[in-house]
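A.B. asks: Below is the sequence, then the predicted model.
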Number of protein chains: 4
Amino acid sequence: MPENSRRRRPEARPEEILDAALSVFSEQGFAAARVEDIARAAGLSKGAIYLYFPSKEAMLNGLVERSAGHLAKTAEAMVASGAPRDAETGLRNLLRMLFTSMADPAISAAPRLVFAEAGRFPVIADFYRRQVLEIARGAMRALLEAGVGANVFRPVDADAFMRAVAGPAFAHMALTTTFTLPPDTLTDPADMADALADILLHGLKPRAPAS
Amino acid sequence: MPENSRRRRPEARPEEILDAALSVFSEQGFAAARVEDIARAAGLSKGAIYLYFPSKEAMLNGLVERSAGHLAKTAEAMVASGAPRDAETGLRNLLRMLFTSMADPAISAAPRLVFAEAGRFPVIADFYRRQVLEIARGAMRALLEAGVGANVFRPVDADAFMRAVAGPAFAHMALTTTFTLPPDTLTDPADMADALADILLHGLKPRAPAS
Amino acid sequence: MPENSRRRRPEARPEEILDAALSVFSEQGFAAARVEDIARAAGLSKGAIYLYFPSKEAMLNGLVERSAGHLAKTAEAMVASGAPRDAETGLRNLLRMLFTSMADPAISAAPRLVFAEAGRFPVIADFYRRQVLEIARGAMRALLEAGVGANVFRPVDADAFMRAVAGPAFAHMALTTTFTLPPDTLTDPADMADALADILLHGLKPRAPAS
Amino acid sequence: MPENSRRRRPEARPEEILDAALSVFSEQGFAAARVEDIARAAGLSKGAIYLYFPSKEAMLNGLVERSAGHLAKTAEAMVASGAPRDAETGLRNLLRMLFTSMADPAISAAPRLVFAEAGRFPVIADFYRRQVLEIARGAMRALLEAGVGANVFRPVDADAFMRAVAGPAFAHMALTTTFTLPPDTLTDPADMADALADILLHGLKPRAPAS
DNA sequence: CATGAATGAGTGTTCATTCAT
DNA sequence: AATGAATGAACACTCATTCAT
């Protein structure tokens, strides 16, 4: 067991600290989080944290940058992959990915944190807007245009489209992770995503019987 | 402005303090907010706050309860109103109300605060869930059932329906108040609501030409 | 006994705190001094200090400015006093004042503190140089010129004169307050000043027998 | 510069560390000085310092002892050399040595440090008093007695004599190293020493014309 | 009712010192 | 001998809360 204190020297320290910080920030909020708790969660002493990050705020920034990287990459991958071929399947897959991600506390923790703290840290808001929102916006716009071009989607407003697709996943996250809602009939994110896709694709109004 | 003589009606103090607290909590977050700032915003001394609220947390609770009252009343009003008559118009009005409310910082401040702090204050989460979410859920379920009964809506999943309606407004709020997005083409919440209604009602897929 | 805690509200608080700070800084040095010790010495809690001074360094600055004020006044009084009439008596009085002041820990504390910390706080060094040294320099130069004009003093170098007059008092302070020297034969500062005056006025070399 | 290969003669380490410590202590003061800065200045890692000195305070002690050795030797040398022959020249040389030493930051650093920190470290005060002050006192007393015996000096008070000789050099140091005085007419320490010698030897009062 | 001086517990950050390598 | 990661005790400063007036 090389688990003695003062022993290991993995180059992964900063990552471990960010993991711990994300966990503590998510639970307590940035202002209420204590550096000592982060340290304990990372298996370090309080002082050791400052060997890797110059301040508590630096951990928050590091966190956001790391998470933005992940999300941006996933979003771009979604764009490039199947969407152009089959916009309808692309939309279904995107919704599944969104609902699954948002329902997973490990993935949604960073976005929730950003949403909660961006008001106080303009740098974070700007960074996230450029690195995540812009990319997601581009991806969804591309999906919509592909569908419209193939006559699979009607030419709806792009901004409304984005809110119609991402908003429900965001709301799902709020309901499941912030308010611990009693497990609904449809707790499974994939099922919820499919139900959403049905509404978005076919609309609420009954189709005229294909006469 | 009856604001000068007679030292202002003192019986309105708690309301004024809650107004100030909402403002400061929204800007700084609960943990980072200073009671002295709330006092200054309310035109009182720090000590005077404690004549009306026993603690900082009590202000947060008071805030949430007050806002929940407002929201619950609005929600119930919506149910009772035109929905049964004309579900489609009911949906359009609901969306307009949601987008307009969420885009107005004065109205969305409380829900945003709840979303941000509910994780740390289970009492608040529970209270909000019961007093706001349950009522909103009931209202939207009633709207859906009315529409289905009148054969104006397809019988879609109720939980997906809720997320499809409320989620986009929630996302709209996040985009406009947290990240100061550059004003889109559709900054007007009512227009955005109408575009959303179009998508939700008619779906993304083109309708078959009416026979 | 109006000595309960949380009671008195003398406007003299800042002065009391500066007294306490001077005492603690003198004993421990600025860096090693603890704000809590200053607070205790001032009969206050740690937090109360910050109602009057924004930082530990602000207390040091306040201290220096206050002491500089005292010293400047004393120096100017000396200039204006008897010097012009009788330069020799003026010199004797100046030396007595200097030795007496420097030997009194309550008076020499501030200059010693400035000397010890000026290297780290350029603002203090500059301030002291302008507010104390320049004035003292002017006073001593005036004394010398008065004596020379009256043919009571030889026209010696002014800077050497200043060092010859002030230096011994400074050394006396160092010996008595920093190193607790065993009480010499001449512990009395006035006697020491007179012996110094004798040396400075008549020189070390024997005078030629009066013709 | 044999400074590259063979990792430098390791037996000189303690001396190098003391050099670095003197430099850092002088700039920052003992309490504010960081061991890491000393280590960097000595070209070592923080931990290595503790192979040679058990604590930060031990470096201060080592420093003082080393410097006291230097000063004591110089002082004794001055006594033994020319003073007995020609007390007047002896005084002039002593003053030149004192002013030159005190004006040189490299030499005055240790005495200044002792003066600044002696209050907090009685051991240092005692040590310095015995090893430096006593010896200097003896040397100056011997110089005075030699002069008096040869009828070159008047029989003035020995303690006043010491303060009259050493004090001005001490003041000169304070003025030039602590407060960065604008270069006076007499920046050269030797000139300043000569001007001082003139005052001390011949006094401020004009000599009666040798009838 | 209202004030604001005062308290004291709490937290971010620093740094002398240790120790596994 | 040397390193530098790690520790833990401090300490400056903040702020919710109290209380004499």
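C.D. replies: Alright, I've got the coordinates. Numbers count the residues shown, from 1 in each chain, chains lettered A, B, ... in the order given.

A.B. asks: Output the residue of chain A whose distance to chain D is smallest.
C.D. replies: Distances between chain A and chain D by C-beta to the nearest C-beta are smallest at residue A:51, namely 12.4 Å. Bear in mind the C-beta positions are built from the backbone N, C-alpha and C, glycine included.

A.B. asks: Please identify the helix or strand for that residue.
C.D. replies: helix A:46-52 (DSSP states H and E).

A.B. asks: which helices and strands sit right next to that helix?
C.D. replies: On a contact count with 3 or more C-beta pairs under 8 Å, 6 or more residues apart in numbering or on different chains; DSSP states H and E, helix A:46-52 meets helix A:13-28, helix A:35-42.

A.B. asks: For chain A, which residue gets nearest to chain B?
C.D. replies: Closest point on chain A to chain B, by C-beta to the nearest C-beta, is residue A:203, at 2.8 Å.

A.B. asks: Where does pLDDT dip in chain A?
C.D. replies: A:1-10, A:79, A:82-84, A:182-186, A:208-211 (pLDDT under 70).

A.B. asks: Just give me the longest helix of it.
C.D. replies: Longest helix in chain A, counting residues (DSSP state H): helix A:56-80.

A.B. asks: For whichever residue of chain A sits closest to chain C, give me its contacts.
C.D. replies: Closest residue of chain A to chain C, C-beta to the nearest C-beta: residue A:55 (18.9 Å). With contact set as C-beta atoms under 8 Å, 6 or more residues apart in numbering or on different chains, residue A:55 has no partners.

A.B. asks: Provide the secondary structure category for residue A:155.
C.D. replies: When classified by DSSP: H, G, I helix; E, B strand; the rest coil, residue A:155 comes out as coil.

A.B. asks: can you tell me how far the residue nearest to it when sequence neighbours are not counted sits from DNA strand E?
C.D. replies: Using C-beta to C-beta, 6 or more residues apart in numbering or on different chains and skipping residues adjacent in sequence, the residue nearest residue A:155 is residue A:148, 4.9 Å away. Note on residue A:148: its distance to DNA strand E, by C-beta to the nearest atom of the strand, to the nearest Å, is 50 Å.

A.B. asks: Correct me if wrong: residue A:148 contacts residue A:161.
C.D. replies: No: the pair residue A:148 and residue A:161 does not pass the contact test of C-beta atoms under 8 Å, sitting 9.9 Å apart.

A.B. asks: ok, the closest residue to DNA strand F within chain A - how many residues close by?
C.D. replies: Nearest residue of chain A to DNA strand F (C-beta to the nearest atom of the strand) works out as residue A:47 at 1.9 Å. Look at residue A:47: counted by other C-beta atoms under 10 Å in any protein chain shown, it has 9 neighbours.

A.B. asks: mind giving me the domain split of chain A?
C.D. replies: Following automatic domain parsing, one finds the domains of chain A at A:1-54, A:56-202.

A.B. asks: by contact count, what packs against the longest helix of chain A?
C.D. replies: Checking 3+ C-beta pairs under 8 Å, 6+ apart, helix A:56-80 ends up next to helix A:13-28, helix A:87-103, helix A:105-117, helix A:122-128, helix A:134-149.

A.B. asks: one more time with 10 Å, if that's ok
C.D. replies: Under the contact criterion of 3 or more C-beta pairs under 10 Å, 6 or more residues apart in numbering or on different chains; DSSP states H and E, helix A:56-80 touches helix A:13-28, helix A:35-42, helix A:46-52, helix A:87-103, helix A:105-117, helix A:122-128, helix A:134-149.

A.B. asks: helices and strands around the fifth one, which ones?
C.D. replies: The helices and strands touching helix A:105-117, judged by 3+ C-beta pairs under 10 Å, 6+ apart, are helix A:13-28, helix A:56-80, helix A:87-103, helix A:122-128, helix A:158-173, helix B:105-117.

A.B. asks: Swap in 7 Å and give it another go.
C.D. replies: Judged by 3 or more C-beta pairs under 7 Å, 6 or more residues apart in numbering or on different chains; DSSP states H and E, helix A:105-117 is in contact with helix A:13-28, helix A:56-80, helix A:87-103, helix A:122-128.

A.B. asks: Format those as a markdown table; extra columns: mean neighbour count.
C.D. replies: As requested, those are exported to a markdown table (neighbours: other C-beta atoms under 10 Å in any protein chain shown):
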| stretch | mean neighbour count |
| --- | --- |
| helix A:13-28 | 20 |
| helix A:56-80 | 17 |
| helix A:87-103 | 21 |
| helix A:122-128 | 17 |
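
A.B. asks: Export those to TSV and append columns for distance to DNA strand F.
C.D. replies: Below are the helices and strands packed on helix A:105-117 laid out as TSV (distance: least, C-beta to the nearest atom of the strand, whole Å):
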stretch	distance to DNA strand F
helix A:13-28	5
helix A:56-80	13
helix A:87-103	32
helix A:122-128	19
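
A.B. asks: picking that back up, okay if I get the helices and strands packed on helix A:56-80 as CSV plus distance to residue B:66?
C.D. replies: Listed next are those as CSV, based on distance: least, C-beta to C-beta, whole Å:
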stretch, distance to residue B:66
helix A:13-28, 25
helix A:35-42, 32
helix A:46-52, 40
helix A:87-103, 30
helix A:105-117, 22
helix A:122-128, 28
helix A:134-149, 35
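
A.B. asks: Compare these and give me the one nearest residue C:181.
C.D. replies: Taking C-beta to C-beta, helix A:46-52 is the member of the helices and strands packed on helix A:56-80 nearest to residue C:181, at 43.7 Å.

A.B. asks: Report whether the closest one contacts DNA strand E.
C.D. replies: Yes: judged by C-beta under 7 Å from any atom of the strand, helix A:46-52 and DNA strand E are in contact via A:46, A:47, A:50.

A.B. asks: Would you mind measuring from the last one to residue A:37?
C.D. replies: To tie it back to what came earlier, the one meant is residue A:50. Between residue A:50 and residue A:37 the computed distance is 15 Å (C-beta to C-beta, to the nearest Å).

A.B. asks: Those two: which is more packed in?
C.D. replies: A side-by-side neighbour count of residue A:50 and residue A:37, using other C-beta under 10 Å, places residue A:37 first with 18 against 14.

A.B. asks: Tell me which residues touch the more buried one, please.
C.D. replies: Listed by C-beta atoms under 7 Å, 6 or more residues apart in numbering or on different chains, the contact set of residue A:37 reads residue A:24.

A.B. asks: Also residue A:162?
C.D. replies: Per C-beta under 7 Å, 6+ apart, neighbours of residue A:162: A:137, A:140.

A.B. asks: returning to that earlier point: format the helices and strands packed on helix A:46-52 as JSON lines; extra columns: distance to residue B:177.
C.D. replies: Shown next, in JSON lines, are those (distance: least, C-beta to C-beta, whole Å):
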{"stretch": "helix A:13-28", "distance to residue B:177": "21"}
{"stretch": "helix A:35-42", "distance to residue B:177": "29"}
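
A.B. asks: So which of those helices is nearest residue B:175?
C.D. replies: For the helices and strands packed on helix A:46-52, the distance to residue B:175 is smallest for helix A:13-28, at 21.6 Å, taking C-beta to C-beta.

A.B. asks: For chain B, tell me whether the closest one is touching it.
C.D. replies: Yes: judged by C-beta under 7 Å from any C-beta of the partner chain, helix A:13-28 comes into contact with chain B at A:27, A:28.

A.B. asks: report the angle between the axes of that helix and helix A:105-117?
C.D. replies: 70 degrees (axes from the mean of the first three to the mean of the last three C-alpha atoms, to 10 degrees).

A.B. asks: Just the CA coordinates for helix A:13-28, please, in CSV.
C.D. replies: Extracted in CSV, the C-alpha atoms of helix A:13-28 (Å, rounded to 0.1, in the frame of the first residue of the first chain):
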residue,chain,number,x,y,z
ARG,A,13,-2.2,16.1,-8.4
PRO,A,14,-3.8,19.1,-10.0
GLU,A,15,-6.5,16.9,-11.6
GLU,A,16,-7.2,15.3,-8.3
ILE,A,17,-7.5,18.6,-6.6
LEU,A,18,-9.9,19.9,-9.3
ASP,A,19,-12.0,16.8,-8.9
ALA,A,20,-12.2,17.4,-5.2
ALA,A,21,-12.9,21.1,-5.7
LEU,A,22,-15.7,20.4,-8.1
SER,A,23,-17.3,18.1,-5.6
VAL,A,24,-17.0,20.5,-2.7
PHE,A,25,-18.0,23.6,-4.8
SER,A,26,-21.0,21.7,-6.1
GLU,A,27,-22.2,20.8,-2.7
GLN,A,28,-21.4,24.0,-0.8
